[in-house]
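# kindly generate the corresponding structure for this input.
(one chain, ligands or ions: 2)
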Amino acid sequence: MGVVIGLTGSIATGKSTISQMFQSFDIPVVDADIISREVVEIGKPAYHQIVECFGEEILNEDRTLNRKRLGQVIFKDPKKRKYLNDIVHPQVRIEILRQRDEYVKRGVKAVVLDIPLLFESQLAHYVDRTLVVYVDEETQLKRLKNRDESSEEEARDRIQAQITISKKAKMADEIIDNTGTVKESFQQLQQILVNWHVLNEPD
Ligand SMILES: CC(C)(COP(=O)(O)OP(=O)(O)OC[C@H]1O[C@@H](n2cnc3c(N)ncnc32)[C@H](O)[C@@H]1O)[C@@H](O)C(=O)NCCC(=O)NCCS
Ligand SMILES: Nc1ncnc2c1ncn2[C@@H]1O[C@H](COP(=O)(O)OP(=O)(O)OP(=O)(O)O)[C@@H](O)[C@H]1O
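Ligands and ions are numbered 1, 2, ... in the order given. Next comes the predicted model:
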């Protein structure tokens, strides 16, 4: 029976970086961020609900969602964030479970569900093991600002929309401390997967 691994962290702690490592071990990854982009494409039910709720001012000229603008609205305002979550999350959940079940049926040794809001949305019961990618909060803020070229305020709003990384670390079955180099994180991941009997001991 394949192991279902829930990969999470807080924004910009390094989930995507670790998710690529899983793929290098030929372990498939179901990515909630990719799915959450697909379910809001033009014509999809969630797209219409978002336009109805937030107005045409959150659209680009070509009528696709202006993600930056919608982000500026919802990361500042918990009530509006809940409106968006209530529209998008049910659709994302259905697709995550569909992909998970498909991989399990194929008989994979493990499948990863990469879900930023695994704990916030109480989805941990969908997985067998949880793995949190941790960095200290100062490093998190610095990496987020660098990657997104965002202001201090925008970055702090996004961080505050999630459970803090130190709390998530306490909720996890295992932690990767990604404050060091990518290579050090790779070695931690390899050891965890050996302990979980997903990988054989490296030569
Ligand atoms: C607000 C939106 C349009 C902003 O898009 P943008 O391209 O700027 O960001 P992106 O989607 O790449 O998300 C980046 C990160 O922000 C964090 N994040 C996104 N949505 C949320 C949310 N509702 N609450 C808390 N954190 C969130 C996650 O850590 C995510 O990895 C978009 O994030 C969105 O549609 N969010 C609602 C869906 C959602 O919750 N997605 C997260 C995984 S299911
Ligand atoms: N060990 C590391 N050392 C230095 N930089 C790193 C390390 N790991 C990740 N980064 C950088 O930090 C930033 C955030 O990493 P990444 O995009 O993997 O985070 P994430 O958790 O997937 O973010 P999100 O929550 O937005 O999906 C990226 O610019 C990435 O290149």
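# every contact and neighbour count from this point should use C-alpha atoms.
Will do.
# which residue lies nearest the spatial centre of the protein?
Relative to the mean C-alpha position of the chain, the nearest C-alpha, by Cα atoms, centre = their mean, is the one of residue 116, at 2.7 Å.
# Provide the secondary structure category for that one.
Secondary structure assignment for residue 116 (DSSP: H, G, I helix; E, B strand; the rest coil): coil.
# in this structure it contacts residue 12, no?
No - counting by Cα atoms under 8 Å, residue 116 does not reach residue 12; the two are 9.8 Å apart.
# on that earlier part again, and the gap between the residue nearest to the centre of the chain and residue 164?
Distance, residue 116 to residue 164, using Cα to Cα, to the nearest Å: 12 Å.
# identify the contacts common to these two.
Between them, residue 116 and residue 164 have residue 10 as joint contacts when contacts are counted by Cα atoms under 8 Å, 6 or more residues apart in numbering.
# for residue 33, list the residues it contacts.
With contact taken as Cα under 8 Å, 6+ apart, residue 33 is in contact with 115-116.
# wasn't it part of a helix?
Yes - Residue 33: assigned to a helix according to three-state DSSP.
# list the contacts for residue 65?
With contact set as Cα under 8 Å, 6+ apart, residue 65 has these partners: 40-41, 58-59.
# whichever of those end up buried, select them in PyMOL.
The following PyMOL command selects only the buried members of the contacts of residue 65, with burial defined by 16 or more other Cα atoms under 10 Å:
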select buried, resi 40+58+59
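# re the thing from before, please name the nearest non-neighbouring residue to the residue nearest to the centre of the chain.
If you skip the residues right next to it in sequence, residue 116 has residue 8 as its closest partner in space, 5.1 Å away by Cα to Cα, 6 or more residues apart in numbering.
# hey, what's the one you found bridged with?
Under DSSP bridges, the beta-bridge partners of residue 8 are residue 132.
# touching, it and residue 118? I think so.
Yes - the pair residue 8 and residue 118 passes the contact test of Cα under 8 Å, sitting 6.4 Å apart.
# who has more neighbours, these two?
Each of residue 8 and residue 118 had its neighbours counted (other Cα atoms under 10 Å), and the higher figure belongs to residue 8 (29 against 23).
# list the helices and strands the one helix or strand residue 192 maps to packs on?
Following DSSP states H and E, the helix or strand that holds residue 192 is helix 182-195. With contacts taken as 3 or more Cα pairs under 8 Å, 6 or more residues apart in numbering; DSSP states H and E, helix 182-195 sits against helix 15-24, strand 174-177.
# mean pLDDT, distance to ligand 2 and mean neighbour count added to these, as TSV?
Formatted as TSV, those follow (pLDDT from 0 to 100; distance: least, Cα to the nearest ligand atom, whole Å; neighbours: other Cα atoms under 10 Å):
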stretch	mean pLDDT	distance to ligand 2	mean neighbour count
helix 15-24	96	4	17
strand 174-177	98	9	20
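# show me the domain layout of the chain.
Structural domains annotated on the chain: 1-28+110-203, 33-107, as defined by automatic domain parsing.
# what's the most buried one of those domains?
Burial of these is given as mean neighbour count (mean count of other Cα atoms under 10 Å); domain 1-28+110-203 ranks first at a mean of 17.
# now do the strand or helix carrying residue 79: distance to the chain's middle.
Following DSSP H and E, one finds residue 79 within helix 78-106. Offset of helix 78-106 from its chain centre (Cα atoms, centre = their mean, to the nearest Å): 11 Å.
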